[in-house]
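**Q** Next come a sequence and a model predicted from it.
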Amino acid sequence: MKVLVAVKNVVDANIKVKLTPEGKLDVSALKKSMNPFDEIATEEAVKLKEKGLAKEVVVVTVGAGKASDVLRVALAMGADRAVFVETETQVEPLLVAKLLQKVVDEEKPDLILTGKQAIDDDCNQVGQMLAALCDMPQATHASNLVLEGSKVRVTREIDGGLETVEVVLPAVVTVDLRLNAPRYVTLPMMMKAKKKPTQIKKATDLGVELKSRIECVAVEMPPSRKTGVIVKSVDELLEKLKNEAKVL
Ligand code: AMP
């Protein structure tokens, strides 16, 4: 069985992004790392290989320039090889899905894993759109995944409980936070990953019209929080909760 994992390089979750004085968001110089949900997807694929259930794990990313750095981390985690679909700028989810579809057509994976969402755009779209474009069943937000012959059984956390669904392979599964705890990547693992192959494909050669349909018209920072005060007594706290915060 071949598993294809889609991974994205995003601004590191520990970095606080700031707007420029002109109100623009420029993340080009900020530290990037693998989207946390994609680390979980990669971990799951590597685990399937370690259990002898998957033969090959291929990782793919779509992006410009240094976006491919994320592939080396995925290879260090244990993926066998990588595909980099190189674009000129960062592209929106529909175009990512269309470009990934071309890779799926060529690779013919049995299972495609994506994160449930990228933490930079919070779109939660690519996995679902990819499944539709490839005409494959999809199971989203997996918190458990079990391969059963030609099917995959996926547990999803829903409001107030768990839902278990079964889809026939080939299928797309998008993964949620509680599926696993991704392994820590060490320097020797990164060095070893250098020897693994990465195929580069130019997005412009894949026959996808790279036309953007979404324009970001404004970005705003959330309002800053008021500084806290230390109260001297319980009575004072109750008085403030009642009369200032009006929550009692
Ligand atoms: P999104 O729909 O943008 O929130 O992304 C959902 C998931 O799709 C991510 O967790 C990744 O697995 C995958 N994905 C999104 N953008 C890319 C990209 N540029 N390259 C590869 N995979 C991506």
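**A** All right, it came through fine.

**Q** drop to CA atoms for contacts and neighbour counts, all remaining ones
**A** Will do.

**Q** which residues does Val3 contact?
**A** Val3 sits next to Ala45, Ala54, Glu56, Val57, Val58, Pro109, Asp110, Leu111, Ile112, Leu113 when contact means Cα atoms under 8 Å, 6 or more residues apart in numbering.

**Q** Narrow the residues you listed to those that are buried.
**A** Neighbour-count burial (16 or more other Cα atoms under 10 Å) applied to the contacts of Val3 gives Ala45, Ala54, Glu56, Val57, Val58, Pro109, Asp110, Leu111, Ile112, Leu113.

**Q** of all those residues, which comes closest to Glu22?
**A** Of all the buried ones among the contacts of Val3, Leu113 has the smallest distance to Glu22: 38.3 Å, by Cα to Cα.

**Q** related to what we said a few turns ago, for Val173, state which of the buried ones among the contacts of Val3 is nearest.
**A** Closest to Val173 out of these is Leu113 (5.1 Å), distances taken as Cα to Cα.

**Q** hmm, the host helix or strand of that closest one touching the ligand?
**A** Leu113 is part of strand 111-115, with elements assigned from DSSP states H and E. Yes - judged by Cα under 6 Å from any ligand atom, strand 111-115 comes into contact with the ligand at Thr114, Gly115.

**Q** mean confidence score for that strand?
**A** Mean per-residue pLDDT for strand 111-115: 98.

**Q** That one: partners in the sheet, and parallel or antiparallel?
**A** Using DSSP bridges, strand 111-115 pairs in its sheet with strand 2-6 (parallel), strand 171-175 (parallel).

**Q** what's the lengthiest strand in the chain in contact with?
**A** If you go by DSSP state E, the chain has its longest strand at strand 138-148. Residues outside strand 138-148 that contact it (Cα under 8 Å, 6+ apart) are 53, 116, 127-128, 131, 152-157, 165-167, 171-180.

**Q** Tell me the residues on this protein that lie near the ligand, please.
**A** Contact residues (Cα under 6 Å from any ligand atom) of the chain with the ligand: 6-8, 37-38, 60-63, 93, 96, 114-118, 121-127.

**Q** Let's have the strands paired with strand 111-115 in JSON lines, adding mean pLDDT.
**A** What follows is these, written out as JSON lines (pLDDT from 0 to 100):
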{"stretch": "strand 2-6", "mean pLDDT": "98"}
{"stretch": "strand 171-175", "mean pLDDT": "98"}
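
**Q** what would these look like in TSV with distance to Ser68?
**A** Formatted as TSV, these follow (distance: least, Cα to Cα, whole Å):
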stretch	distance to Ser68
strand 2-6	12
strand 171-175	21
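
**Q** Of the ones you listed, which is nearest Met189?
**A** Ranking those by proximity to Met189 (Cα to Cα) places strand 2-6 first, at 18.8 Å.

**Q** Can you give me the distance of Thr164 to Val146?
**A** As for Thr164, its distance to Val146 is 11 Å (criterion: Cα to Cα, to the nearest Å).

**Q** any residues in contact with both of those two?
**A** Common contacts of Thr164 and Val146 (Cα under 8 Å, 6+ apart): Arg153, Val154.
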